[in-house]
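# I need the structure of the sequence given here:
(2 chains)
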Amino acid sequence: MVWDWLPTYAARFVEGFWITVQLFSLSLTFGFLLAIPIGLVQVTGPKWLGLIARGYCTLFRGTPLLIQLWLLYYGLGSIFPHFPALRESVIWPILIAAFPYAVVAFSLSVAAYEGHVMAGAFRSVPKNELEAGRAFGMGRFTLLWRIWLPRALQNVLPTLAGEAVLTLKSVPLASTITVFGVYGVGSIVRQDTYLIYEPLLFIAFIYLCLTGILVSLFGWLERRVPSESMK
Amino acid sequence: MDFIYNTIQLLYEWGPNFMRGTIATLQIAFGSYLLGILIGTFGAIGKLYGGRGLRLSLSVYTTLIRAVPELILILLIYYAGTSLLNTTLESLGFGTVDISGVAAGIIVIGIVQGAYQTEVIRGALISVPKQETDAGIAFGMSRTKVFRRILIPAMIPLALPGMANLWMICTKETALLAVVGFEELALVTKQAAGKTRLFLEAFTVAMFLYLCITLASNVIFKAIEKRTTRGHPKLDKQ
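So this is what the prediction gives:
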């Protein structure tokens, strides 16, 4: 095992680590914010909206994230240059960078997986608790914010933790559209030094630590949320 | 309307390649799924009835595999596997071999699937009520007979939802092999897109094909679930 490359690339690994963490936390946040309405309209509200949400979940859960990523980056990315108006607009720098595409693709995927989970979670909240809220004169949003969402989240926190780990583990895919997180830097090392195992094992170790931290964070969150079995 | 015209053109020129890619994807997915079930069955039995050493090494295997990104695992298993095989062959006096894409893909993804299957099957095995196996023992059945005639049939409906989930993951995971350079649907799509410059059209076709695989699998698993739970009391539909 040869590890003398590590000091040379340390700075780039730190940079890559930062990108990995940013990509992960941004997509988890945006994805979760999208997942709430996607889950909600499948349980309540107009039927056509629910059908669209269900179709969205089926489409994004039924196809590989890699293809979604490539479709967005190469597919949509090849269309934008055809509009001269876009080229001169202020958002053009965003449209030619790879990182925003990765965030959008990952968020859409997270939204689909967690939206599916949230639909089940909203459905599992007992009807009488919502009725109790209404009887107290709560408006729709107060009811959602104070009763429906917290009760739904309480039930599915372990599932959401699992989904979060799966999202973290798919972050290396972003290196295929030139977003070089930890994995991307590792591939650069592999190309420069012709070492195969050392950089791969190093990245695997970093991800192992990240997964561990994530799991314990969710564990801490779960312990803070009161559950029925812990009376 | 350019989009529709271009898609038809693309399918006309690259249709057979897409077909081959889909078949390769299905082959790899099917093979690695079966390998995963095989590993999972032995893994689950080992975890439940094995000795201390076996149990420890199995839990290291399932924990590590489930915590490290699939892409890294695929690279590691692929490089380590081929070099291990070739050094073994060389030390035995044979020449080195190039492992075919399909076989390597099956083994690589199969090992990853095995870790998840181990957990699914172990969970299902411990959920079978103890009285059912006790009844078998009371009738004088041998251990293997109890396993074959009672434990396995009672465990399948419990494991099926998890196993259906793993099949979906398995079909989608084959796309990762494109990064290593295996000729399957994702890589064929990338080649077609690069050659024709029809990026949007090519990736849309790939999305559609993957979606078809998923929807067809859904139907098949529903049918299997219906058959394996026949005679069970109907639970409330959520």
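
# neighbours of the nearest residue to residue A:52 once chain neighbours are set aside, just the number please.
Spatially, and ignoring its direct neighbours in sequence, residue A:52 is nearest to residue A:41 (7.9 Å; CB to CB, 6 or more residues apart in numbering or on different chains). C-beta coordinates here come from the backbone N, C-alpha and C atoms, glycine included. A total of 21 residues lie near residue A:41 under the criterion other CB atoms under 10 Å in any protein chain shown.

# distance of residue A:41 relative to residue A:55?
Applying CB to CB, to the nearest Å, the value for residue A:41 to residue A:55 is 12 Å.

# average model confidence for the helix or strand where residue A:198 lies?
Secondary-structure assignment from DSSP states H and E places residue A:198 in helix A:197-224. Mean per-residue pLDDT for helix A:197-224: 89.

# and the longest helix for the chain?
Using chain A here. In terms of residue count, the longest helix belonging to chain A (DSSP state H) is helix A:6-41.

# chain B is the one I meant
Chain B, longest helix under DSSP H: helix B:2-49.

# and that one with chain A, contact?
No. Helix B:2-49 stays clear of chain A (CB under 8 Å from any CB of the partner chain), getting no nearer than 9.7 Å.

# from the centroid of chain B, which residue is nearest?
residue B:33 (3.1 Å; CA atoms, centre = their mean).

# I'd guessed that residue sits against residue B:167; true?
Yes. Residue B:33 lies in contact with residue B:167 (CB atoms under 8 Å); the separation is 5.8 Å.

# from residue A:150, how far off is the residue nearest the centre of chain A?
A centroid search over chain A (CA atoms, centre = their mean) returns residue A:28, at 3.4 Å, as the residue closest to the centre. Separation of residue A:28 from residue A:150 (CB to CB): 19 Å.

# for residue B:9, same thing?
53 Å.

# again with residue A:59
On the measure of CB to CB, residue A:59 and residue A:150 end up 29 Å apart.

# and these two? Which one has more around it.
residue A:59 (17 against 12).

# and the more buried one, how far is that from residue B:214?
To residue B:214, residue A:59 is 9 Å away according to CB to CB.

# same question for residue B:73.
Applying CB to CB to residue B:73 and residue B:214 gives a distance of 23 Å.

# same deal with residue A:188?
For residue A:188, the distance to residue B:214 equals 34 Å [CB to CB].

# likewise for residue B:38?
The gap separating residue B:38 from residue B:214 is 24 Å, by CB to CB.

# which one's more surrounded, those two?
Neighbour count, other CB under 10 Å: between residue B:38 and residue B:214, residue B:214 has more, with 19 against 14.

# can you give me the pLDDT of that one?
Note for residue B:214: predicted pLDDT of 90.

# so what's it up against?
By CB atoms under 8 Å, 6 or more residues apart in numbering or on different chains, the contact set of residue B:214 is A:58, A:61, A:62, A:63, B:168, B:171.

# next one: residue B:186
A:64, A:66, A:67, B:21, B:25, B:174, B:175, B:176, B:177, B:178, B:206.

# from these, which is closest to residue A:178?
Residue A:178 has its nearest neighbour among the contacts of residue B:186 in residue A:66, at 14.2 Å by CB to CB.

# for the helix or strand where the closest one lies, which outside residues touch it?
Secondary structure assignment for residue A:66, by DSSP H and E: helix A:65-70. Contact partners of helix A:65-70, identified using CB under 8 Å, 6+ apart, comprise A:60, A:101-102, A:105-106, A:108-109, A:170, A:173-174, A:176-177, B:172, B:175-176, B:178-179, B:186, B:189-190, B:193, B:199, B:203, B:206-207, B:210.

# rounded mean pLDDT for it, please.
Averaging pLDDT along helix A:65-70 gives 91.

# following element in sequence after it, please.
With DSSP H and E setting the assignment, the helix or strand that follows helix A:65-70 is helix A:84-88.

# what about the residue lying closest to residue A:31 once chain neighbours are set aside, neighbour count?
Excluding its sequence neighbours, the residue lying closest to residue A:31 (CB to CB, 6+ apart) is residue A:110, at 2.6 Å. Neighbourhood size, residue A:110 [other CB under 10 Å]: 27.

# my read is that residue A:110 contacts residue A:33, right?
No. The criterion here is CB under 8 Å, and residue A:110 misses it with residue A:33 at 9.8 Å.

# how about the helices in chain B?
B:2-49, B:52-67, B:70-91, B:101-127, B:130-138, B:143-146, B:152-173, B:177-180, B:185-196, B:199-228.

# any idea how far residue A:206 is from the residue nearest to residue A:31?
Going from residue A:110 to residue A:206 by CB to CB gives 21 Å.

# same thing with residue A:127?
46 Å.

# now swap in residue A:94 and tell me
28 Å.

# alongside chain B, which residues does chain A contribute?
So far as CB under 8 Å from any CB goes, chain A lies against chain B at A:58-59, A:61-68, A:70-71, A:74-79, A:120, A:123-124, A:165, A:168-173, A:176, A:183, A:196-197, A:200-201, A:203-204, A:207-208, A:211-212.

# now which of these would you call buried?
Buried by 16 or more other CB atoms under 10 Å in any protein chain shown: A:58-59, A:61-68, A:70-71, A:74-75, A:77, A:120, A:165, A:168-173, A:176, A:183, A:197, A:200-201, A:203-204, A:207, A:211, out of those.

# residue A:55 - how many residues pack around it?
Residue A:55 has 10 nearby residues by other CB under 10 Å.

# can you tell me how far it sits from residue B:211?
11 Å.

# shared neighbours of those two, anything?
Shared contacts of residue A:55 and residue B:211, defined by CB under 8 Å, 6+ apart, are absent.

# now do the same contact list for residue B:114.
B:35, B:36, B:38, B:39, B:40, B:43, B:65.

# again, 10 Å this time
B:32, B:35-43, B:61-62, B:65 (CB atoms under 10 Å, 6 or more residues apart in numbering or on different chains).
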